[in-house]
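*Asks:* A structural model of the following input is requested.
(chains A and B)
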Amino acid sequence: MQSGGCNYLATRYLHIMETRRDVFWAIADPTRRAILLLLASQAMTPNALAEEFSSSRQAVSKHIQILTECELVKHEQKGREIYYHVNPKKIDEIDKWVGKFKKVFEAQFAQLDDVLRTLKKQRR
Amino acid sequence: MKNNSPVDLTIDKTSKTVHVIKEFKAERSLVWDAFTKQEILDKWWAPKPYVSKTKAMDFKVGGRRFYAMVSPEGQETWQVQQYTSITPKTNFKYFSAFADKDETLQLPGSNWDLTFTEHNGITKVSIAITNDSLERLEKMIEMGFKEGFTMTLNSLDDMLESR
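*Replies:* Numbers count the residues shown, from 1 in each chain, chains lettered A, B, ... in the order given. Below you'll find the predicted structure:
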């Protein structure tokens, strides 16, 4: 049996993990976006990735870890090396989400385009 | 031919800001009127099939617009926009929040900053929407999601009808 206090801590911990795994928080960082762009063109080893950045290896490795936690990046063992690559499914999710939000503005503004056309005719 | 220019939208979760840019083929004074006059606003503000219904509007600093987005089933979602800054035909800012029908605000809300620029008869509107909290941003997006989904279904209807 778990005590109430334990449950509370477990919930808090889960909440923190949830926040950490948030995709949008992950891509808010410019270095992580750069990593994603690099990996979008080819799978890379942690060493090859780190060489692309002026920041320390540990810092780059921390960013990779965050991207992996968010499932934006997946890794694969090939012989002795680990290769990182982007997870297209997760990237699609971002696209779709932003796209749906954008649709509201598109609908609104398409209506405004129509209204402006009518107003322009009336003013002539 | 319609040929409307596209909507440019970016979300910055760090600063909790949504940036929206859109160009309109009309002079600045006309676009300004469309954003600041009640009778024009109600013609386009709500994405179909929703209807925008402004109950009260006083476009001046300290004034507000109190309006509802009405769904096809008649369900009203009330919102209030409180004007905080107005530079005629150039920029205006307001604080926006959801409300109940008695105008009691549901905080947190978001701050809207709209800038109008004209070049060769094309007016560019740049909107920055900053949210008090990430939750609020999520709620805004969720609303958009819902309406976006309804619209998708409607356009599907149109497409099927035209066959």
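*Asks:* Can you tell me the SS state at residue 103?
*Replies:* Chain wasn't specified; assuming chain A. Three-state assignment for A:K103 (DSSP: H, G, I helix; E, B strand; the rest coil): helix.
*Asks:* looking at chain B here, not the other one
*Replies:* On the basis of three-state DSSP, B:E103 is classed as coil.
*Asks:* and if you look at A:F53?
*Replies:* Going by three-state DSSP: A:F53 is coil.
*Asks:* For it, list the residues it contacts.
*Replies:* Counting by C-beta atoms under 8 Å, 6 or more residues apart in numbering or on different chains, A:F53 makes contact with A:31, A:34, A:59-60. C-betas here are computed from N, CA, C, even on glycine.
*Asks:* tell me the pLDDT at it?
*Replies:* Looking at A:F53, its pLDDT is 87.
*Asks:* Same question for the one 5 residues further on.
*Replies:* According to the prediction, A:Q58 has pLDDT 91.
*Asks:* Quick check: the two most widely separated of the contacts of A:F53?
*Replies:* Spatial extent of the contacts of A:F53 (C-beta to C-beta) is set by the pair A:A34 and A:A59 at 12.4 Å.
*Asks:* can you pull out the helices in chain B?
*Replies:* B:28-36, B:38-44, B:134-161 (DSSP state H).
*Asks:* again, but for chain A
*Replies:* A:4-20, A:23-26, A:30-41, A:46-51, A:57-69, A:88-123.
*Asks:* Name the residues that touch the fourth one?
*Replies:* Right, the one you point to is helix A:46-51. A:35, A:38-39, A:57, A:60-61, A:64, A:82, A:84.
*Asks:* about what we covered before: going by mean pLDDT, which of the helices of chain B comes out lowest?
*Replies:* helix B:134-161 (a mean of 52).
*Asks:* Nearest residue to the middle of chain B?
*Replies:* For chain B, the residue sitting closest to the mean C-alpha position, by C-alpha atoms, centre = their mean, is B:W45 at 5.9 Å.
*Asks:* Does B:W78 touch B:F98 like I think?
*Replies:* Yes - using C-beta atoms under 8 Å, B:W78 is in contact with B:F98, at 7.0 Å.
*Asks:* Between those two, point out the one with more neighbours.
*Replies:* Using other C-beta atoms under 10 Å in any protein chain shown, the more surrounded residue of B:W78 and B:F98 is B:W78, with 21 against 18.
*Asks:* ok, the closest residue to that one other than its chain neighbours - contacts?
*Replies:* With sequence-adjacent residues excluded and distances taken as C-beta to C-beta, 6 or more residues apart in numbering or on different chains, B:W78 is closest to B:A99, at 4.5 Å. B:A99 makes contact with B:66, B:78-80, B:105-106, according to C-beta under 8 Å, 6+ apart.
*Asks:* Make a ChimeraX selection of whichever of the residues you listed turn out to be buried.
*Replies:* This is the ChimeraX syntax for the buried subset of the contacts of B:A99, where burial follows 16 or more other C-beta atoms under 10 Å in any protein chain shown:
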select /B:66,78,79,80,105
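*Asks:* between the contacts of B:A99, which is nearest chain A?
*Replies:* Each of those was checked against chain A using C-beta to the nearest C-beta; the closest is B:Q79, at 13.6 Å.
*Asks:* can you pull the contacts of the closest one?
*Replies:* B:66-69, B:96-99.
*Asks:* now it, which residues is it bridged with?
*Replies:* Following DSSP bridges, B:Q79 is listed with bridge partners B:Y67, B:F98.
*Asks:* domain ranges for chain A?
*Replies:* A:1-86, A:88-124 (automatic domain parsing).
*Asks:* between the ones you listed, which gets the lowest average pLDDT?
*Replies:* domain A:1-86 (a mean of 76).
*Asks:* ok, back up a step: ok, now how distant is the residue nearest to B:W78 from B:F59?
*Replies:* 18 Å (C-beta to C-beta, to the nearest Å).
*Asks:* cool, B:Y67 as well?
*Replies:* 13 Å.
*Asks:* Compare these two (neighbour count), which wins?
*Replies:* Ranked by neighbour count (other C-beta under 10 Å), B:Y67 and B:F59 place B:Y67 first, with 24 against 17.
*Asks:* so who does the more buried one touch?
*Replies:* Contacts of B:Y67 (C-beta under 8 Å, 6+ apart): B:41-42, B:45, B:52-55, B:57, B:78-79, B:81.
*Asks:* Thanks a lot, catch you later.
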